[in-house]
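[1] coords below, sequence missing:
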C-alpha cells in the first residue's frame, strides 16, 4: 500500500472513532446532570445506537452499494452529522435533544461499515493490513477520552456547570473535518449494479438465517444477543457511575479499556490456538461478570484499583467474545454467506441485543435511584454480573466444543 493511501486511511479511522468516543462515553453523565434525564430517558438516548445499527444496512445496501461511491456518502453523512451534533450542543432539554441524537445515530452507524469498505478496497491482503489501519481508530477513541478529562469537562464542578456539552461542539467540528476530508479519499465505487435486483433479505443478511439450523451456531447466536444485555449496562452507566462516586478524570480512565483492547487483540490468536473457541468465548463472558463485581465493590478511594482493573478488562470482555464470535461466524458461513452472516450477527447484537439491554439497564437504574438522584450502584452492578454469569453457564452446557481455525 502506498504511504499516501496508508496515511489517508489511518487519519480517516482516527477521526471516525475520535468522533464516536468524543461524546458517546460521557453521554450518560451529560443526560443525568445537564438534561435531568431519567434512567428510562437515558436508555432511549443510548438505544439510538441500536436503531442506527438496524437501519444502517438499508443505507449501505440501497445507496452506498448501488448508487454513490462509498467515500462520497461517507462525506455526506459526516457533514449531516456535524449539523446534527451542533443542534445537540444547543439543546436545553431531553425532548429537544432526543430527535437530534436519533437522527445523528441513523447517519453515523452506516459510516462504520463505509470506513471498512473504503479501507478494504485499497488492500491487497486485508487480513495482514487492516489491523494496522484499524488501530488508529482505537487511538482516536483514546485521545478523545484523554482530551475531555485533561481539559476538565468531565470534572464534577465542570459537569454541574454545563461544560460537558462542549463535547458535542468538539465532535461537530471533527465531523465536519472528516466530512470534507472524505471527498479526498481513494475512490470506492459501488459494487452492485443499480439495475441488479436486491431484496430486504440480502440487505439484512437474512439469507444466512439457515445457519441457525446448526445447533452450535444457534446457541452461539442466542448467547450473542443475551450477552449484549449486560454490555448495555457498561455503555450506559460506567461514566455516570465513575463521575458520581468521585473518580477523578473518569473519561480518561475509561480510555484504559481501549488500550487493553489493543493488547488483547494481539493476544487473541494465542488464546484461540491454545484453548480453542469455546473456552475463549467463555473467558470473555466470565470477564463481564468479574468486571461488574469489581464495580460493585470498588470505590474511588483505597479500592479504586478495583475500578481500574474492571475498566482494563474491556479487552477480554470485547475481544474474546465479539471478535472471536466474528471469526466463528466467518468459519461457519462459507464463501456464499460470509457478508450476510456478519450482517445477521451485527443486527442481532448491536441491534436487537443492545436495544433490549439499554431498556433493561434504564429500568433497573431508575428503580435503584435515591430521591436525591444518587444511585445504589452496588445493587445496579450486581444485575449484569449475575446475568453474564448465567449466560456463560448456559453456553457452557449447551455449546459443544468444536475446532475453529483462526486465520487472521
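    Structure received. Nothing here was measured: the structure is a model prediction, and the numbers come from that model. Residues are numbered from 1 along each chain as shown.
[2] touching, residue 373 and residue 32? I think so.
    Yes: using Cβ atoms under 8 Å, residue 373 is in contact with residue 32, at 7.4 Å. (Each C-beta comes from the backbone N, C-alpha and C, glycine too.)
[3] who's more crowded, the two?
    Using other Cβ atoms under 10 Å as the criterion, residue 373 and residue 32 rank with residue 32 on top: 24 against 11.
[4] pull the contacting residues for the more buried one.
    Residue 32 is in contact with 42, 240, 373, counting by Cβ atoms under 8 Å, 6 or more residues apart in numbering.
[5] phi, psi of the last one?
    Looking back up the chat, that one is residue 373. phi 70, psi 10 (degrees, to the nearest 10).
[6] per-residue confidence at it?
    Residue 373 carries a pLDDT score of 87 in this model.
[7] same thing with the first one?
    Predicted confidence (pLDDT) for residue 42: 94.
[8] what about it, how many neighbours?
    Here the count is done by other Cβ under 10 Å, and residue 42 has 26 residues near it.
[9] what sits against it?
    For residue 42, the contact set (Cβ under 8 Å, 6+ apart) comprises 27-28, 31-32, 236, 362, 365.
[10] buried ones in the one helix or strand it maps to, by neighbour count?
    Applying DSSP states H and E as the criterion places residue 42 in helix 39-59. When burial is assessed from 16 or more other Cβ atoms under 10 Å, helix 39-59 yields the following buried residues: 39, 41-57, 59.
[11] residue 302: neighbour count?
    Residues lying near residue 302 (other Cβ under 10 Å) number 8.
[12] list the residues that contact it.
    Applying Cβ under 8 Å, 6+ apart, no residues contact residue 302.
[13] what helix or strand is it located in?
    Secondary structure from DSSP H and E places residue 302 outside every helix and strand.
[14] how far away is it from residue 173?
    For residue 302, the distance to residue 173 (Cβ to Cβ, to the nearest Å) stands at 40 Å.
[15] touching, residue 389 and residue 286? I think so.
    Yes: the criterion here is Cβ under 8 Å, and residue 389 meets it with residue 286 at 7.4 Å.
[16] got the domain ranges for this protein?
    Listed by automatic domain parsing, the domain ranges of the chain are 1-188, 205-403.
[17] from what I see, residue 150 and residue 251 are in contact.
    No: Residue 150 is not in contact with residue 251 according to Cβ under 8 Å; the separation is 9.4 Å.
[18] more crowded one of the two?
    Taking other Cβ under 10 Å, residue 150 and residue 251 do not tie; residue 251 has more neighbours (27 against 12).
[19] what's the pLDDT at that one?
    pLDDT, residue 251: 92.
[20] pretty sure it sits against residue 149.
    Yes: taking Cβ under 8 Å as the definition, residue 251 is a contact partner of residue 149 at 4.7 Å.
[21] once you drop chain neighbours, what's closest to residue 285?
    Ranked by Cβ to Cβ, 6 or more residues apart in numbering and with sequence neighbours excluded, the top spatial neighbour of residue 285 is residue 392, at 3.8 Å.
[22] helix, strand or coil for that neighbour?
    Classification of residue 392 using DSSP: H, G, I helix; E, B strand; the rest coil returns helix.
[23] tell me the SS of residue 132?
    Taken by three-state DSSP, the conformation at residue 132 corresponds to helix.
[24] give me the phi and psi angles of the nearest residue to residue 369 once chain neighbours are set aside.
    In space, residue 369 comes closest to residue 375 once its chain neighbours are excluded; the distance is 5.4 Å by Cβ to Cβ, 6+ apart. Per-residue torsions, residue 375: phi -130, psi 150 (degrees, to the nearest 10).
[25] isn't residue 375 up against residue 365?
    Yes: counting by Cβ under 8 Å, residue 365 is a contact partner of residue 375 at 6.7 Å.
[26] show me the residues around residue 39 that make contact.
    The neighbours of residue 39, taking Cβ under 8 Å, 6+ apart as the test, are 361-366, 369.
[27] now, which of those sits nearest residue 330?
    residue 361 (29.9 Å; Cβ to Cβ).
[28] what separation is there between residue 36 and residue 239?
    As judged by Cβ to Cβ, residue 36 and residue 239 stand 17 Å apart.
[29] which one's more surrounded, the two?
    Neighbours per residue (other Cβ under 10 Å) separate residue 36 from residue 239, with residue 239 holding more: 27 against 11.
[30] and the more buried one, what's its pLDDT?
    pLDDT for residue 239: 92.
[31] I'd like to know how far it sits from residue 250.
    For residue 239 relative to residue 250 (Cβ to Cβ), the value is 6 Å.
[32] who touches both of the two?
    Common neighbours of residue 239 and residue 250 (Cβ under 8 Å, 6+ apart) are 29, 154.
[33] can you list the contacts of residue 32 in a markdown table and add distance to residue 258?
    Listed next are the contacts of residue 32 as a markdown table, based on distance: Cβ to Cβ, whole Å:
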| residue | distance to residue 258 |
| --- | --- |
| 42 | 22 |
| 240 | 19 |
| 373 | 29 |
